[in-house]
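S.K.: sequence? don't have it. structure:
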């Protein structure tokens with residue numbers, strides 16, 4: 001869950017900065033793609049200028065083992081395995097976030 005927090009902070013900051021950089025010639029998602037994916041340089045180059053494709057790959061892609069969805073799914077599986085050792089509130093929050101991210105109506 002700490003990794004998802006770090007990723008979301010970086011993506012939020014980059015997204016906000018992208019508003020300023022649109023006027024200055026564009027925003028590159030290359031740093032985030034290099035940190036949170038295992039893509040080769042060619043694929044990163046194809047995604048870096050396409051904001052929606054880069055964010056979709058970073059947040060929702062089942063093909064990215066470090067996507068937000070993948071990390072939260074693993075966190076939920078880990079929490080389920082130690083459910084008797086964590087508080088009910090922690091389990092409920094992890095489960096809630098899992099269902100929120102995997103809700104297909106978003």
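M.R.: Yes, it's here. What you see is a predicted model, and the numbers here were worked out from it, not measured in a lab.

S.K.: does residue 64 touch residue 55 like I think?
M.R.: No - distance between residue 64 and residue 55: 11.5 Å, which falls outside the contact criterion (C-beta atoms under 8 Å). All C-beta atoms are positioned from the backbone trio N, CA, C, and that covers glycine.

S.K.: now do the residue of the chain most remote from its centre against residue 100, distance only.
M.R.: In terms of distance from the mean C-alpha position of the chain, residue 84 ranks first, at 27.8 Å (C-alpha atoms, centre = their mean). Residue 84 sits at a distance of 24 Å from residue 100 (criterion: C-beta to C-beta, to the nearest Å).

S.K.: shaky segments in the protein?
M.R.: Low-confidence segments of the chain (pLDDT under 70): 21-26, 104-106.

S.K.: which outside residues touch the longest helix anywhere in it?
M.R.: Across the chain, the longest stretch assigned as helix under DSSP state H is helix 2-23. Applying C-beta atoms under 8 Å, 6 or more residues apart in numbering, the external contacts of helix 2-23 come out as 27, 29, 31-32, 35-36, 51, 55, 58-59, 66, 68, 71-72, 75.

S.K.: ok, and the most crowded of the residues you listed?
M.R.: residue 58 (25 neighbours; other C-beta atoms under 10 Å).

S.K.: just the element for it, please.
M.R.: With elements taken from DSSP states H and E, the one containing residue 58 is helix 51-59.

S.K.: what is that helix packed up against?
M.R.: helix 2-23, helix 30-36, helix 41-47, helix 68-81 (3 or more C-beta pairs under 8 Å, 6 or more residues apart in numbering; DSSP states H and E).
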